[in-house]
Each structure stands twice: as structure tokens, then as C-alpha cells.
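Asker: Structure of the sequence below:
(one chain, ligands or ions: 1)
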Amino acid sequence: MRLSIDADRCMGHGRCYSMAEGLLSDDEEGFVAERGRVIEVPAELLADAREAAAACPEGAIALLDSASAADA
Ligand code: SF4
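Answerer: Next comes the predicted model:
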């Protein structure tokens, strides 16, 4: 599973990295540091990734199936 963060949608609310500290981090301005990127989610952090995606009020976080993403 991969997680993507839309840099245009992210408004820096900070909910995602608060809920998924092992996966995401904040930058000096309070935005998620991984915005604009697609990152691989380790199996042990999948629940955290789902919670972070659900908690983002801007809908900036999407979870992508690794197999289909690899085919793209
Ligand atoms: S919760 Fe959403 S809007 Fe807030 S920092 Fe994370 S990705 Fe950005």
C-alpha cells in the first residue's frame, strides 16, 4: 500500500502526522513534510495510514494499492 499527499490540498492542519508519527512528519511551517510525494506504507503502519487519511479535513491523503500503482 502506498500513501499520496496532494500538495495543493494540504493546508497544514497537522492531524495526519499526529496520528501517524512513524510514517509522517511535520516541516517547520506545520505542513506534513511528505506532501507532494507518494510513500510506501510498511504493513505495520497500515492502520496509522488509514487513520491519517480519514482524519485529513482537506481530503489530501489517498491510499493507493501498491500493485496497481506499480503497473501505472
Ligand atoms: S491533515 Fe491533511 S491538511 Fe493537515 S497536514 Fe496532513 S495532509 Fe495536510
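Asker: Tell me the secondary structure of Cys16, please.
Answerer: helix (DSSP: H, G, I helix; E, B strand; the rest coil).
Asker: contacting residues for it?
Answerer: Applying CB atoms under 8 Å, 6 or more residues apart in numbering, we find Cys16 in contact with Ile5, Leu24, Val32, Ala52, Ala53, Ala55, Cys56, Ile61. Where you see a C-beta, it was placed from the backbone N, CA and C, and this is true even at glycine.
Asker: mind checking the SS state of the closest residue to it other than its chain neighbours?
Answerer: Nearest residue to Cys16, sequence neighbours excluded (CB to CB, 6 or more residues apart in numbering): Ala52, at 4.0 Å. Assigned by three-state DSSP, the conformation of Ala52 is helix.
Asker: ok, now which ones touch Ala52?
Answerer: Contacts for Ala52 (CB under 8 Å, 6+ apart) come out as Leu3, Arg15, Cys16, Tyr17, Met19, Ala20, Leu23, Leu24, Ile61.
Asker: and if you look at Cys10?
Answerer: Cys10 sits next to Phe31, Val32, Arg35, Cys56, Glu58, Ala60 when contact means CB under 8 Å, 6+ apart.
Asker: which residue packs closest to Ser4, ignoring adjacent ones?
Answerer: Nearest residue to Ser4, sequence neighbours excluded (CB to CB, 6+ apart): Val38, at 4.4 Å.
Asker: Now do the contacts for that neighbour.
Answerer: For Val38, the contact set (CB under 8 Å, 6+ apart) comprises Arg2, Leu3, Ser4, Leu64, Ala69.
Asker: can I get the CA coordinates of the helix or strand encompassing the second one in PDB?
Answerer: So that's Leu3. In this structure, Leu3 is located in strand 2-5 according to DSSP states H and E. C-alpha atoms of strand 2-5 as PDB (Å, rounded to 0.1, in the frame of the first residue of the first chain):
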ATOM      1  CA  ARG A   2       1.200   3.500  -0.800                       C
ATOM      2  CA  LEU A   3       0.100   6.800   0.500                       C
ATOM      3  CA  SER A   4       0.000  10.000  -1.500                       C
ATOM      4  CA  ILE A   5      -0.400  13.600  -0.300                       C
END
